[in-house]
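Q: With the input below, show me the fold.
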Amino acid sequence: MTYSTATGVLLTAVTEQVPDHGELLAFAHELSPLIALRRGDGIIGLGEALRLEFRGRDRLADAAAAWRELSAVATVADPVHRPGTGLVAFGAFAFADASGAASVLIVPEVIIGHHDGVSWVTHLTAGDAAKGTLRFSPRPIGARPRATLAAGSLSREDFTSVVGRALDAIRDKRVEKVVIARDATASIPANADRRAVLRELADRYPDCLTFAIDGLIGASPETLVSVHGGEANSRVLAGSTARGTSASDDTDAAAHLATSMKDLDEHAFAVHSVLDALRPHVRAVTASESPFTLKLPNLWHLATDVEMQLADGSSALDIVAALHPTAAVAGSPTDAALALIAELEPFDRGLYAGPVGWIDQDGDGEWVIALRCARIDNDGLVTAYAGAGIVANSDPQSELAETRMKFRPIADALR
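A: Numbers count the residues shown, from 1 in each chain. Okay, the predicted model is just below:
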């Protein structure tokens, strides 16, 4: 059921603890999975009890207000009290204000979840809908579809040319940093089991949040915000390099990244943008003085963890609205960087680099930036995205190599 407003919608959520489900992915829909998983824990959604769509500059603030309104009048029975129990909505939001992609909050009819040894099922209804009518059971996950990504709107030469134009803008002092993305496409059978690709991502990147929401799938390493009981944390990633081919090469790669002034400058932009955005919404915020190197299967990242105590009444979506877009996916200054992205990138990012995650009736939840991801259309067209942060001393060929590294999670999952 799709609504244009939350006014007058009465939601009901009933959670009960059940025996262990086994693999959660086996319960997801083959063609339109709705999932948020990390290290085997998380939630799977089935059906749509309620779908809210948002567009334009205020899409995140509107969603935060709508969810607060819905939660205030909802009936929730939740004796399990785990992250992802009770009334929950999955969400995915467009990167740009002018995007043609709808930003959504989706309340499923059923949520199947597992966290720290506890399994549950939640039945959710909107209005007078029949309660508990959706049947569900685990189903074998099909064969993984195989495809090879090819350049999309920008060839490799086009991308390096665009990076050159971005460097001109930096020299002209229009921006200090801008993130330039490119897309790549492939085709899989329309009836291919999307869960097989998600299983590959979850297995390869267990510390990332593997997600599938409204056709967007991915495994993101960057936590925009995780909120529980008034405490919140965020992980800022900016600056990266490829993993080494041997143990000694890998150590050298991490050491080089940790001392690279180009990457440290890029990371500092991202951290400062997060701290500046958070201050009106928190009572206290702390961040480490220096970034650490985060090891992923395909690359090293510079990372900084930020911890905060939320001001009264602030929800996960309020923090998401304040943070998006960070310098890690847009640039600095933000408005100038967004204008330059719109000028230089020949495609609509859609949900790529936007916030994806979930929120519950208390405003708690987990939201990441939609990175290492791809959109899969109903006809099987796959569009993957990868970006690179451009600063004054960036090299176009090195930035092209960085995008190739960032395509790897999706590319490998399709091989």
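Q: The spatially most central residue of the chain: what's it in contact with?
A: For the chain, the residue nearest the mean C-alpha position is residue 370 (2.9 Å; C-alpha atoms, centre = their mean). Neighbour list for residue 370: 92, 95, 211, 216, 218, 220, 351-356 [criterion: C-beta atoms under 8 Å, 6 or more residues apart in numbering]. (Each C-beta comes from the backbone N, C-alpha and C, glycine too.)
Q: Leaving out chain neighbours, which residue sits closest to residue 97?
A: residue 57 (4.4 Å; C-beta to C-beta, 6 or more residues apart in numbering).
Q: isn't that neighbour right next to residue 99, touching?
A: No - under the criterion of C-beta atoms under 8 Å, residue 57 makes no contact with residue 99, lying 10.9 Å away.
Q: which residues of the stretch 251-400 of the chain score low on pLDDT?
A: Applying pLDDT under 70 to the stretch 251-400 of the chain flags no residue at all.
Q: which residue ranges form the helices in it?
A: Remark: helices assigned in the stretch 251-400 of the chain by DSSP state H, counting those that start in this stretch are 261-278, 316-323, 334-344, 396-413.
Q: Most tightly packed of these?
A: helix 316-323 (a mean of 25; mean count of other C-beta atoms under 10 Å).
Q: Which secondary structure elements does that one sit against?
A: In terms of contacts (3 or more C-beta pairs under 8 Å, 6 or more residues apart in numbering; DSSP states H and E), helix 316-323 is packed against helix 59-73, strand 223-228, strand 231-242, helix 261-278, strand 355-360, strand 365-369.
Q: Quick check: buried residues in the next helix or strand after the first one?
A: The C-terminal neighbour of helix 59-73 among helices and strands, as given by DSSP states H and E, is strand 75-77. The neighbour-count check on strand 75-77 (16 or more other C-beta atoms under 10 Å) flags residue 76 as buried.
Q: pLDDT weak spots in the stretch 1-150 of the chain?
A: 1-7, 129-133.
Q: all strands in it, in order from the N-terminus.
A: Here the stretch 1-150 of the chain has its strands, by DSSP state E, counting those that start in this stretch, at 2-3, 11-18, 34-38, 41-46, 50-54, 75-77, 88-92, 103-107, 110-115, 118-126, 150-151.
Q: out of the helices and strands packed on helix 316-323, which comes closest to residue 161?
A: Nearest of these to residue 161, taken as C-beta to C-beta: helix 261-278 at 20.2 Å.
Q: got a list of contacts for that closest one?
A: By C-beta under 8 Å, 6+ apart, helix 261-278 touches 176-177, 234, 236-241, 257, 285, 287, 291, 302, 304, 306, 308, 319, 322-323, 326-328, 331-332, 334, 389, 391-394.
Q: ok, back up a step: any chance of the contacts of residue 370 in CSV, with distance to residue 280 too?
A: Listed next are the contacts of residue 370 as CSV, based on distance: C-beta to C-beta, whole Å:
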residue, distance to residue 280
92, 25
95, 22
211, 28
216, 29
218, 30
220, 25
351, 26
352, 27
353, 23
354, 21
355, 18
356, 24
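Q: Find the pair from those with maximum spatial separation.
A: Among the contacts of residue 370, 95 and 211 lie farthest apart (C-beta to C-beta), at 15.2 Å.
Q: what about the two, which has more around it?
A: Comparing residue 95 with residue 211 by neighbour count (other C-beta atoms under 10 Å), the higher total belongs to residue 211, at 29 against 25.
Q: Could you pull up the contacting residues of the more buried one?
A: Applying C-beta under 8 Å, 6+ apart, the residues contacting residue 211 are 35-37, 217-220, 356-357, 368, 370, 373.
Q: Number of residues surrounding residue 126?
A: The burial count for residue 126: 19, using other C-beta under 10 Å.
Q: same deal with residue 97?
A: So residue 97, with other C-beta under 10 Å, has 13 neighbours.
Q: Correct me if wrong: it contacts residue 61.
A: No - Residue 97 is not in contact with residue 61 according to C-beta under 8 Å; the separation is 11.8 Å.
Q: How about the secondary structure of residue 178?
A: strand (DSSP: H, G, I helix; E, B strand; the rest coil).
Q: and if you look at the one 3 residues further on?
A: Reducing the assignment at residue 181 to three states with three-state DSSP gives strand.
Q: if we can go back for a sec, the more surrounded of residue 57 and residue 99?
A: Using other C-beta under 10 Å as the criterion, residue 57 and residue 99 rank with residue 99 on top: 19 against 10.
Q: Pull out the buried residues from stretch 306-318.
A: Quick answer for stretch 306-318 (16+ other C-beta under 10 Å): 306, 308, 310, 314-318.
Q: wait, I meant stretch 33-45
A: Those would be 33-38, 41-45, for stretch 33-45 by 16+ other C-beta under 10 Å.
Q: can you check stretch 273-292 too?
A: Neighbour-count burial for stretch 273-292 [16+ other C-beta under 10 Å]: 273-275, 277-278, 281-282, 285, 287, 291.
Q: Farthest-apart pair in those residues, please.
A: Across the buried residues of stretch 273-292, no pair lies farther apart than 281 and 291, at 22.9 Å, counting by C-beta to C-beta.
Q: what about stretch 43-57, start to end distance?
A: End-to-end distance for stretch 43-57, by C-alpha to C-alpha, to the nearest Å: 29 Å.
Q: now, among the buried residues of stretch 33-45, which is nearest to residue 26?
A: residue 44 (8.9 Å).
Q: Next one: that closest one from residue 78, what distance?
A: Distance, residue 44 to residue 78, using C-beta to C-beta, to the nearest Å: 17 Å.
Q: repeat for residue 275
A: 34 Å.
Q: and if you look at residue 90?
A: 17 Å.
Q: out of those two, which sits in the busier spot?
A: The residue with more neighbours, out of residue 90 and residue 78, is residue 90; 26 against 19, by other C-beta under 10 Å.
Q: Can you tell me who the more buried one pairs with across the strands?
A: residue 106, residue 358 (DSSP bridges).
Q: try residue 304
A: residue 236.
Q: for residue 16, same thing?
A: residue 121.
Q: and residue 158, that's in a helix?
A: Yes - counting by three-state DSSP, residue 158 falls inside a helix.
Q: can you list the buried residues of stretch 306-318 in JSON lines and add distance to residue 123?
A: What follows is the buried residues of stretch 306-318, written out as JSON lines (distance: C-beta to C-beta, whole Å):
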{"residue": "306", "distance to residue 123": "36"}
{"residue": "308", "distance to residue 123": "34"}
{"residue": "310", "distance to residue 123": "30"}
{"residue": "314", "distance to residue 123": "29"}
{"residue": "315", "distance to residue 123": "23"}
{"residue": "316", "distance to residue 123": "23"}
{"residue": "317", "distance to residue 123": "23"}
{"residue": "318", "distance to residue 123": "28"}
